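Engineer: Test case, fold it:
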Amino acid sequence: MKFKEVKLEDICTVQRGASPRPIKDYVVDKGIPWVKIADATADSSRYISETKEYIKRESKEKSRSVIKGDLILSNSATPGLPKIMDIDACIHDGWLLLRNFNGVLKEFLYYTLVNKRRELVSNATGTVFNNLKTDTVKNFKIQLPDIKTQKIITNTLQNIDEKIDINNKIINNLEELAQTLFKRWFVDFEFPNEEGKPYKSSGGKMVESELGMIPEGWRHEVLKNITINSDRKRIPLSKLEREKRKSIYPYYGAASLMDYVDDYIFEGVHVLVGEDGTVIDDKGYPIMQYVWGKFWVNNHAHVLQGKGDFSSEYIYLLLKRTNVTNIVTGAVQPKINQTNLNKISVIVPDKETLNSFDEIINSIFTEIRSLKDESDSFVSLRDTLLPKLLSGEIELSNETEVMDDVPIS
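Structural biologist: Residues are numbered from 1 along each chain as shown. Next comes the predicted model:
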């Protein structure tokens, strides 16, 4: 079945976001949610349900307001990323607002933009960052079925996304559990003593160190001594180079997955720490990614693994709780250089405590990886399904039939 081809401007309005200037004068602890690109790249959810920053309510008129249910599309930094708003908020000029839909379901358009993202971004311009011009988006063409077909397709893809959402919630709960355990053991020093009781509150001996009182037998170190740094292996690829490569292996940047390429330079479990650009969150903690398998990393993220008895999971949880504001350099472009990263002071537990913790934490992260891999399979299914449906290669009578008949891999 052949569907009509339309421009986006024929089926919706496309408006660029706006920012009050200078934005730093309008940022507050609580106010109107302020949507940053980092809020959209934090997970694979369709929705933006919360933001890390807020702006003053009186600055609303100087910004572009969006409401729950609006469809937005990033046009810079990480261009071509669509999200559905799950809250009322404001967006800056790194976003486009898509509204006033005519003959198209908003959810169908969302899935189409997800599927066509690579094609759309190929039209982006810019030397430092790729940028999508508003007119480029307005003139972008998509295949548009009738409303009934759109509903069937959308319901099918939403079923897949609901499975992904469930996995993401479990993953978030597991990581929260891991971080809670880490804090209890290595911040509060309430790891189990020989009798299985909380060490510090049960009278465990504490001694002086450069970082304050620590359990007897523990020591002060610097990060370099407990990690393996593989930054020298990183190879950046330009947008043009990536476009020529078949999409197989993840290509990571400073803060997120950026693309897929046809080769890999790393394998196994690693921790990525943002080196420049987006390097810390609003509380001063490093921007990090826990990654595994075969992948490629550009030169904007440090590539770390645990050394010796220290697992990569331990390093990940340790840095998650390490404020690094004091090692960030660069007024215009924030940066965490390797020298400063290596000098981070850390408290190192005794080997027995470290190994006991790893035994517990390993099962948690094994489950996290398994769930994420399953979600990636669902994402692949979702993204390959739409073009097959639009081309007529697969015909739908209802969403249940498709979910039963289409394999995940």
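Engineer: Model confidence for residue 400, exactly?
Structural biologist: pLDDT recorded at residue 400 is 41.
Engineer: One more: the one 4 residues further on?
Structural biologist: With respect to pLDDT, residue 404 scores 41.
Engineer: Same check on residue 268?
Structural biologist: The model's pLDDT for residue 268 equals 97.
Engineer: Could I get the contacting residues of it?
Structural biologist: 292, 293, 305 (CB atoms under 8 Å, 6 or more residues apart in numbering). The C-beta positions use only the backbone N, C-alpha and C, and glycine is treated the same way.
Engineer: try it again with 10 Å
Structural biologist: 291, 292, 293, 294, 295, 305, 312 (CB atoms under 10 Å, 6 or more residues apart in numbering).
Engineer: can you tell me how far it sits from residue 156?
Structural biologist: Plainly put, residue 268 is 35 Å away from residue 156 if you go by CB to CB, to the nearest Å.
Engineer: for residue 393, same thing?
Structural biologist: To residue 156, residue 393 is 14 Å away according to CB to CB.
Engineer: Buried residues in stretch 270-286, which are they?
Structural biologist: 270-281, 286 (16 or more other CB atoms under 10 Å).
Engineer: for stretch 28-37, same thing?
Structural biologist: 31, 32, 33, 34, 35, 36, 37.
Engineer: Endpoints of that stretch, how far apart?
Structural biologist: 18 Å (CA to CA, to the nearest Å).
Engineer: before we move on, what about stretch 62-70?
Structural biologist: Using CA to CA, first and last residues of stretch 62-70 are 19 Å apart.
Engineer: same question, stretch 77-87
Structural biologist: 22 Å.
Engineer: List the buried residues for that stretch?
Structural biologist: Per 16+ other CB under 10 Å, stretch 77-87 contains these buried residues: 77, 78, 79, 80, 81, 82, 83, 84, 85, 87.
Engineer: Take those and keep only those in strands.
Structural biologist: Members of these lying in strands (criterion: DSSP state E): 82, 83, 84, 85.
Engineer: Serialize the residues you listed to CSV and add fields for distance to residue 92 and pLDDT.
Structural biologist: What follows is these, written out as CSV (distance: CB to CB, whole Å; pLDDT from 0 to 100):
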residue, distance to residue 92, pLDDT
82, 16, 94
83, 14, 95
84, 18, 95
85, 14, 94
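Engineer: Those into a markdown table, with extra columns for distance to residue 117?
Structural biologist: Below are these laid out as a markdown table (distance: CB to CB, whole Å):
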| residue | distance to residue 117 |
| --- | --- |
| 82 | 8 |
| 83 | 12 |
| 84 | 15 |
| 85 | 18 |
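Engineer: Adding distance to residue 213, write the buried residues of stretch 77-87 out as a markdown table.
Structural biologist: Output for the buried residues of stretch 77-87, formatted as a markdown table (distance: CB to CB, whole Å):
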| residue | distance to residue 213 |
| --- | --- |
| 77 | 43 |
| 78 | 43 |
| 79 | 49 |
| 80 | 51 |
| 81 | 46 |
| 82 | 50 |
| 83 | 45 |
| 84 | 49 |
| 85 | 47 |
| 87 | 42 |
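Engineer: now, among these, which is nearest to residue 142?
Structural biologist: Taking CB to CB as the measure, residue 142 lies nearest residue 82 of the buried residues of stretch 77-87, at 12.1 Å.
Engineer: so how far is residue 251 from the closest one?
Structural biologist: Distance from residue 82 to residue 251, by CB to CB: 20 Å.
Engineer: for residue 371, same thing?
Structural biologist: From residue 371 over to residue 251 the distance is 22 Å, taken as CB to CB.
Engineer: Of the two, which one has the most company?
Structural biologist: Using other CB atoms under 10 Å as the criterion, residue 371 and residue 251 rank with residue 251 on top: 21 against 18.
Engineer: List the contacts of the more buried one.
Structural biologist: 236-237, 242, 245, 257-261, 263-264, 295-298.
Engineer: just to revisit the earlier point, which of the buried residues of stretch 270-286 has the weakest pLDDT?
Structural biologist: Lowest pLDDT within those is found at residue 278 (80).
Engineer: What are the phi and psi values at it?
Structural biologist: phi -90, psi 100 (degrees, to the nearest 10).
Engineer: Residue 39 is in contact with that one, correct?
Structural biologist: No. Residue 278 lies out of contact with residue 39 (CB atoms under 10 Å); the separation is 11.4 Å.
Engineer: Hmm, residue 330 is touching residue 280, no?
Structural biologist: No. Contact criterion CB under 10 Å: residue 330 and residue 280 do not qualify, at 11.7 Å.
Engineer: which parts of the host helix or strand of residue 174 are buried?
Structural biologist: Applying DSSP states H and E as the criterion places residue 174 in helix 147-186. For helix 147-186, a neighbour-count test (16+ other CB under 10 Å) marks 149-150, 152-154, 156-158, 160-161, 163-165, 167-168, 171, 174-175, 178, 181-182, 185-186 as buried.
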